[in-house]
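1. this one's sequence-less:
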């Protein structure tokens, strides 16, 4: 499945994949990033206020307060079970599917209440999601990308053609797939499937893109491609990603929030979190002492 | 060889023998059916037998074309009646029903599967047939009655197979569709149902097999005239009915022709079973 | 778009600036979305009602059939219907009921050992993917698809005519046994496969042979599953008509074992389902036919409940492991 070596390397993948596996290299790369400091006045795209979330009796998220600035990449990090994925799923209300899940507090999108003044379907159109496991539908590449636009009422073939091409381009996979649009998406490699899923998510013109450990099932080269892609996407989208991989947070994100046992311990600029964390627990985690 | 080894050997031989019995059974069925049917077909002539439109045993004229058409019509009608209802019910059980409702409906469907065909036939005779007689042309014993009754009878087959196919669709497809802003209905009908197509088709084929082989219920409501029906209100005779209706008193070539009708039915069933296996295999490959 | 183009990712990679098609797409969505939200709601409501309708029809059909038969039949469950002797006046179902039990017992006595034995071979003995196993699987599937009238024809040609058993309990039972063999085989196979391998390892680990392991360690925990299959097979025997009219005939008497001994097995018999078919096609005793249908239905319902119970026990048993 994940025969990544077959994938054509694009120019952007000139940085050797191994660079991602060494901390020093990664640091160098971080430094190389030009203009990573976002202006302090970046508007808030999504906000979380006093959020408590329960699965039946289990208190999964406790009093979370967090803001996601527009056109930036925010990483949610923390050990397994800390609630970072739960928080992500409540941002587009995928938690609604979980029986016995109860949300208190407020989540806003552009100041609108995501739970009370928006219906789940339009919220999910504006807040797209890419899952941990690539989950293309068992249909053609084209139909996968066109599924969302069709859902939202775009039926004209010419319009769909434009959207499909633009989405695949945005996901940096157009060149690989343009001759295989009619082929079943399940025949693609794991990395291609995941980028197809990104394209599929972009095809409904979301404002926010949620990524739930979206590279954890992929090989290093595919991971690198997606990380590069995220860096480009933020010029159009606000990206919020959950990652288990601290180096990934360091490489890709502008802001980082650290979670532990359902609480948000600390949030701030990624560089600050990793170099001078305020909380000793954050320091322990980013130094790899637990989790 | 020591004592336990002998015991093991005997046991294994017995188990192998038991497993061999189903092979022997199929072989015997084929041999006896064909040995008794094929000579009759040879005597009548294959084209005359398969495509002859007249069935008049008194004059030694044996054309089963009306019965073949009858079986196909009745089965087609059952599909028209049973598949949409069954599929929708399966979708309900798989994706809409709450646990409590499913817990009641599921045994109900199993009960529907357990009701003997003679009871179905009787129900058709006392209810469906008089209803058609009262409200539509003809005397009620008709293609329509048979199709409706068989449609009901194949419901449980279709529901059970389709539901397990729908249940087997991975959750990630549903989540993926929802995350794009699709509502529950669109996610189910545009992603889950298409993903379960091969399983659903397998259920339909199984239903076809059941409908084409059904005998007693059809006899009781179909009228059984050996003619190609001109409308759905006409009577119709299926291959299965042909066998049961006349076997009791048939002799010689007539009897052979009835067994030969069974041979044709058997070939139909074998083709359907093969089709079922192809569909199933294709589904597994995905 | 916000003026954040300065935060381009890496030098050299052109920021994905909004393009013409971006604007066009945004416009498309703006137009489509408001229109779509209403349409979508209508379409979804329609689909939802269709789904509910499908479930409703199924439920209604079930309740109607069962209810109609019960309402019309229960009042005619008179003592004379259960008289020992059948006459054309009382149309007693008693002989047919006893015959049904005899017939079912006999065919299961034939089918269950063979079915369970072959399932044991397939699951516990056969080398994976052997040619023999493949052939057995194919034939079992074929048997499962064959309609009962074909079994009836075969039984008539083989047991009744070729073996000269005439229309008899024995010929009927053998025909039914072949018919339900795949049911017993398949359910037993599934029940055996569901038994965790640890049980087998446990048996072998204690130095038990394969036979002993199968009978002491594997079979006991598969019993509920096997029982479920047996009950299913029983249900088919009880309801069967087409396979029996030309193999067991339709004499409404209990075979006289007292006078004839074993030879009574070769008497013609009429099971309850056949009895009901005869009554219904004669059309002379409609009320008694309803009553007979009630008895048949009740038997089937009881068997169903038993099978469900067994299946539940099976799955629970394996969860505890």
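-> That came in fine, so what should we check first? Small disclaimer: the values here were computed from a predicted structure and weren't measured.
2. ranges for the helices of the stretch 1-150 of chain C?
-> C:20-73, C:94-120, C:131-145, C:148-155 (DSSP state H, counting those that start in this stretch).
3. Taking helix C:94-120 as reference, get the angle to the third one.
-> On the basis of axes from the mean of the first three to the mean of the last three Cα atoms, to 10 degrees, helix C:131-145 is oriented at 160 degrees to helix C:94-120.
4. got the buried residues for helix C:131-145?
-> Buried residues in helix C:131-145, counting neighbours by 16 or more other Cβ atoms under 10 Å in any protein chain shown, are found at C:133, C:136-137, C:139-145. Bear in mind the C-beta positions are built from the backbone N, C-alpha and C, glycine included.
5. and if you look at the second one?
-> Residues of helix C:94-120 classed as buried under the neighbour-count rule (16+ other Cβ under 10 Å) are C:94-104, C:106-108, C:110-112, C:114-120.
6. For chain A, what lies in contact range of chain B?
-> Listed as neighbours of chain B in chain A under the rule Cβ under 8 Å from any Cβ of the partner chain: A:92, A:94, A:97, A:121-125, A:128-129, A:131, A:133, A:135-139, A:147-148, A:151-152, A:186, A:197, A:200-201, A:204.
7. next one: stretch A:113-127 to chain centre, how far?
-> Its chain's C-alpha centre and that of stretch A:113-127 lie 18 Å apart, by Cα atoms, centre = their mean, to the nearest Å.
8. which outside residues touch it?
-> Here stretch A:113-127 makes contact (Cβ atoms under 8 Å, 6 or more residues apart in numbering or on different chains) with A:46, A:91-94, A:96, A:103, A:106-109, A:112, A:148, A:152, A:204-210, B:178-183, C:33, C:37, C:40.
9. Do me a favour and get the end-to-end distance for it?
-> Stretch A:113-127 has its terminal residues 13 Å apart, counting by Cα to Cα, to the nearest Å.
10. okay, which residue is most central for chain B?
-> Relative to the mean C-alpha position of chain B, the nearest C-alpha, by Cα atoms, centre = their mean, is the one of residue B:210, at 1.6 Å.
11. Show me the helices in the chain, by range?
-> Assuming you mean chain A. A:23-32, A:84-91, A:120-126, A:141-151, A:157-170, A:174-177, A:190-202, A:220-233, A:246-252, A:270-275, A:280-286 (DSSP state H).
12. Actually, chain B is the one I wanted.
-> B:3-44, B:46-51, B:65-91, B:99-114, B:117-123, B:129-135, B:143-167, B:171-179, B:184-187, B:193-195, B:197-213, B:216-221, B:239-247, B:252-285.
13. just the buried residues of helix C:94-120 that are near chain B?
-> Among the buried residues of helix C:94-120, the residues within reach of chain B (Cβ under 8 Å from any Cβ) are C:114-118, C:120.
14. Helix or strand with the lowest mean pLDDT in the chain?
-> As the question left the chain open, I've gone with chain A. Every helix and strand in chain A was compared by mean pLDDT, DSSP states H and E; the lowest is helix A:23-32, with a mean of 38.
15. right idea, wrong chain: chain C
-> Across the helices and strands of chain C, mean pLDDT, DSSP H and E gives its lowest value to helix C:257-260, namely a mean of 79.
16. With residue B:155 as the reference, measure out to whichever residue of the stretch 1-150 of chain A sits closest to chain C.
-> Using Cβ to the nearest Cβ, the closest approach of the stretch 1-150 of chain A to chain C is made by residue A:71 at 4.4 Å. Distance, residue A:71 to residue B:155, by Cβ to Cβ, to the nearest Å: 55 Å.
17. Who has more neighbours out of the two?
-> Set residue A:71 next to residue B:155 and count neighbours by other Cβ atoms under 10 Å in any protein chain shown: residue B:155 wins out with 27 against 23.
18. and the most centrally placed residue in chain C, what does it touch?
-> Most central in chain C under Cα atoms, centre = their mean is residue C:232, positioned 5.3 Å from the mean C-alpha point. Taking Cβ under 8 Å, 6+ apart, we find residue C:232 in contact with C:183, C:187, C:303, C:307.
19. my read: residue A:138 touches residue A:184, true?
-> Yes. Between residue A:138 and residue A:184 there is a contact under Cβ atoms under 8 Å: 6.8 Å.
20. How many residues are close by the residue in chain A that chain B sits nearest to?
-> Closest to chain B within chain A is residue A:125: 3.4 Å, counting by Cβ to the nearest Cβ. Close neighbours of residue A:125, defined as other Cβ under 10 Å, add up to 23.
21. Against residue C:43, how distant is it?
-> Following Cβ to Cβ, the distance that separates residue A:125 from residue C:43 is 17 Å.
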